[in-house]
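K.L.:
here is my input, please return the structure:
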Amino acid sequence: LNSTQLNKLYYTILYFTTLYYTTLYYNTMVLGKQGVRLEAWKFGVYLFIPIVASIAFNDPDRQRFWADYFQFLKYPANPNTDLKEQFEELQKQKQLQKEQRKAYAEQMRKLQESAQKSRRRQNGEGEEQQQQESGKKRGWLW
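P.N.:
As a prediction, this is how the structure comes out:
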């Protein structure tokens, strides 16, 4: 097949496929007054929705709210900053948090010990505990 024959074949296939799909479309379309009303309704909806949306969302306060809500404008960190400095700063923060957690745990341990001592004193066990701590042991044998 040469190029002219291919072009003729292409255009005949294009013609018949277009003819086939247009007949399918027109045969399934609603005819009469109901069809016109439906098309007018669809046209009105297609115009109404964008116009109302542009009027409703044209307020700068609303645009700012939705931009913040969905975080449309979230920029990365400044590329001119040194990443090594940022990394070191994060390490210092983590180390500080670690030290604070240790100090907090130590405080909690001391509070628990003092609470246990006060409970023992209230129960009368404090005297025995104090004697045992001072080195005087009472027991069965000595």
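K.L.:
quick one: what helix or strand has residue 40 in it?
P.N.:
Using DSSP states H and E, residue 40 falls within helix 33-56.
K.L.:
by contact count, what packs against that helix?
P.N.:
Contact partners of helix 33-56 among helices and strands, from 3 or more CB pairs under 8 Å, 6 or more residues apart in numbering; DSSP states H and E: none. All C-beta spots, glycine's among them, are computed from the backbone N, C-alpha and C.
K.L.:
what are the ranges of the helices in this protein?
P.N.:
3-28, 33-56, 60-70, 83-123, 126-134 (DSSP state H).
K.L.:
would you list the ones you listed in JSON lines and tack on mean pLDDT?
P.N.:
Converted to JSON lines, these look like this (pLDDT from 0 to 100):
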{"stretch": "helix 3-28", "mean pLDDT": "74"}
{"stretch": "helix 33-56", "mean pLDDT": "84"}
{"stretch": "helix 60-70", "mean pLDDT": "83"}
{"stretch": "helix 83-123", "mean pLDDT": "91"}
{"stretch": "helix 126-134", "mean pLDDT": "57"}
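K.L.:
chain center to the helix holding residue 40, what's the gap?
P.N.:
Put simply, helix 33-56 sits 35 Å off its chain's centre (CA atoms, centre = their mean, to the nearest Å).
K.L.:
related to what we said a few turns ago, could the helices of the chain go into a markdown table alongside mean neighbour count?
P.N.:
Output for the helices of the chain, formatted as a markdown table (neighbours: other CB atoms under 10 Å):
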| stretch | mean neighbour count |
| --- | --- |
| helix 3-28 | 10 |
| helix 33-56 | 10 |
| helix 60-70 | 10 |
| helix 83-123 | 10 |
| helix 126-134 | 11 |
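K.L.:
thinking again about what came up before, the helix holding residue 40 to helix 60-70, inter-axis angle?
P.N.:
90 degrees (axes from the mean of the first three to the mean of the last three CA atoms, to 10 degrees).
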